[in-house]
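S.K.: sharing a sequence plus its predicted fold:
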Amino acid sequence: MSRTNRKTDTQGTERLPATVNRLWNRVPAYRAKMEQAGITPSDIRGVEDLCALPFTTKQDLRDAYPLGLLACGREELLRVHASSGTTGKMTIVAYTKNDLEAWKDCMANCLAIAGVTPRDTLQVMFGYGLFTGGLGFHYGGEHLGATVIPSGTGFTERQVQLMQDLGTTVIACTPSYAVHLSEVLASRRKDQPGSGHSLKAAILGAEPWSEALRQTVQEGLGVPALDIYGLSEVMGPGVAIECPCQNGLHLNEDHFLAEIVDPVTGERLPEGQEGELVITTLTKEALPLARYRTRDLTCILPGKCSCGRGGIRIARIRGRSDDMLIIKGVNVFPTQVEAALGRVEGLSMNYTLEVTEKNYVKDLSVSVESASGLGELEMERLERQAAKILHEALGLRVGVKVLLPGSLERFEGKARRVRVTSGA
């Protein structure tokens, strides 16, 4: 760890060796990795020895499909979830009774950090099912004592009606869906003057998003938009969350250790330097993971949060190392494009990227909606302005097409921003 507080040092010293022993004794595939690295559980006495452990990757989980990395008996399982990835084999995630209780604690703690109280009404607009988002928020909200509305995804008009009729104070959904929700609310206010909502916060996650998109959501909904982080492989949502200061995500340190490593070399990076987030679970029974490579790019923030809480904070996820596009030798992340578009007044945050490849050369083009209906000349002006700002931000020329509002697909879950095609 780059930095730990006294509580975390104690928890890590006590819990990390127990996790390693569980992996050694119950997960033959990870024991083989340790043996190949020439280490045994006795070599891992505390957090300072963490980097001696081999990494775990998503491919390890896929290779062990469905339950080859299970560290408990099948009779101890109470639930399974699966990753929501759209490519490759699913990764199955298993939970014991204690795992589910720990997850509820993590989520309740995160919601409390975000300012949610038992007096609030939490509307969960994430999917319910194999995806961990919906049930994670649901049980965490109930564990905290809040009233939970399990509205799930889609049916936006019904979502709005529930928000208004039941006095929803906090929503949980993806950032892209929050943008769509704000558009529907704005349209309803035009048709029904005086209609509004009782929201005090929006908790958003499941996809990387930029500060520009945050501002769009906050202006559209009129409430703070807070980032929550998690991933199915290590538990689900509840690994870390922003407080209302919006100055980094507070890690649930009783349950997770975090490191930042170079995505290429795997070497540990110092505090403040961006790299790939690596997580080690401290309390998982069914599927403990040592040094799991998340592929998410962030850093551990120095100093103390202005809210007064100590402990580890991570910066908001900038993107995924495996989502990076290489266009004519330039590394491009979708969130970089999103941030640049956010600097162009008159554009919305509804956009798509299209990568075309011809003769082994890739080109990038962007389609983005205008914030309101505009004439042809004004849309051409926005295209030139956006192309200029994208060139400055990315260091390459990008084609831009500005579209009328409502032209692009809306997503109820994770937004699919990138489309790759082959040229003739």
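M.R.: Perfect, thanks for sending it.

S.K.: adjacent strands (with direction) for the strand ranked longest in the chain?
M.R.: Longest strand in the chain by number of residues (criterion: DSSP state E): strand 347-358. Neighbouring strands of strand 347-358 in its sheet, by DSSP bridges, are strand 361-370 (antiparallel), strand 418-422 (parallel).

S.K.: output the shortest one as PDB, nothing but the C-alphas.
M.R.: So that's strand 418-422. Below are the C-alpha coordinates for strand 418-422, written out as PDB (Å, rounded to 0.1, in the frame of the first residue of the first chain):
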ATOM      1  CA  VAL A 418     -17.800   2.900 -29.200                       C
ATOM      2  CA  ARG A 419     -18.500   1.200 -32.500                       C
ATOM      3  CA  VAL A 420     -15.700  -0.400 -34.600                       C
ATOM      4  CA  THR A 421     -16.100  -1.100 -38.300                       C
ATOM      5  CA  SER A 422     -13.800  -2.100 -41.100                       C
END
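
S.K.: how far is that strand from where the chain is centred?
M.R.: Centre-to-centre, strand 418-422 and its host chain are 23 Å apart (CA atoms, centre = their mean, to the nearest Å).

S.K.: now it: average pLDDT?
M.R.: Averaging pLDDT along strand 418-422 gives 82.

S.K.: touching it from outside, list them.
M.R.: For strand 418-422, contacts defined as CB atoms under 8 Å, 6 or more residues apart in numbering pick out Asp323, Leu325, Pro334, Thr352, Leu353, Glu354, Val355, Thr356, Glu357, Lys358. (Glycine included, C-beta is placed from N, CA and C.)

S.K.: list only buried entries from the residues you listed.
M.R.: Asp323, Leu325, Pro334, Thr352, Leu353, Glu354, Val355, Thr356 (16 or more other CB atoms under 10 Å).

S.K.: helix or strand: which one has the most far-flung residue of the chain relative to its centre?
M.R.: Note on the chain: the largest C-alpha distance from the chain mean falls to Leu377, namely 38.2 Å (CA atoms, centre = their mean). Using DSSP states H and E, Leu377 maps to helix 376-394.

S.K.: tell me which residues of that helix are tucked away?
M.R.: Buried residues in helix 376-394, counted by 16+ other CB under 10 Å: Met379, Leu382, Glu383, Gln385, Ala386, Ala387, Ile389, Leu390, Ala393, Leu394.

S.K.: do the same with stretch 40-47
M.R.: Within stretch 40-47, the residues scored as buried using 16+ other CB under 10 Å are Pro41, Ile44, Val47.

S.K.: stretch 307-319 too?
M.R.: For stretch 307-319, a neighbour-count test (16+ other CB under 10 Å) marks Gly311, Ile312, Arg313, Ile314, Ala315, Arg316, Ile317, Arg318, Gly319 as buried.

S.K.: end to end, how far does that stretch reach?
M.R.: Distance between the two ends of stretch 307-319: 26 Å, counting by CA to CA, to the nearest Å.

S.K.: ok, and what's touching it?
M.R.: So stretch 307-319 is contacted by 1, 3-5, 7-8, 113, 208-209, 227, 229, 240, 242-245, 247-251, 253, 258, 274, 277, 296-301, 304-305, 333-336 (CB under 8 Å, 6+ apart).

S.K.: low-confidence ranges in the stretch 251-400 of the chain?
M.R.: Low-confidence segments of the stretch 251-400 of the chain, defined by pLDDT under 70: 359-360.
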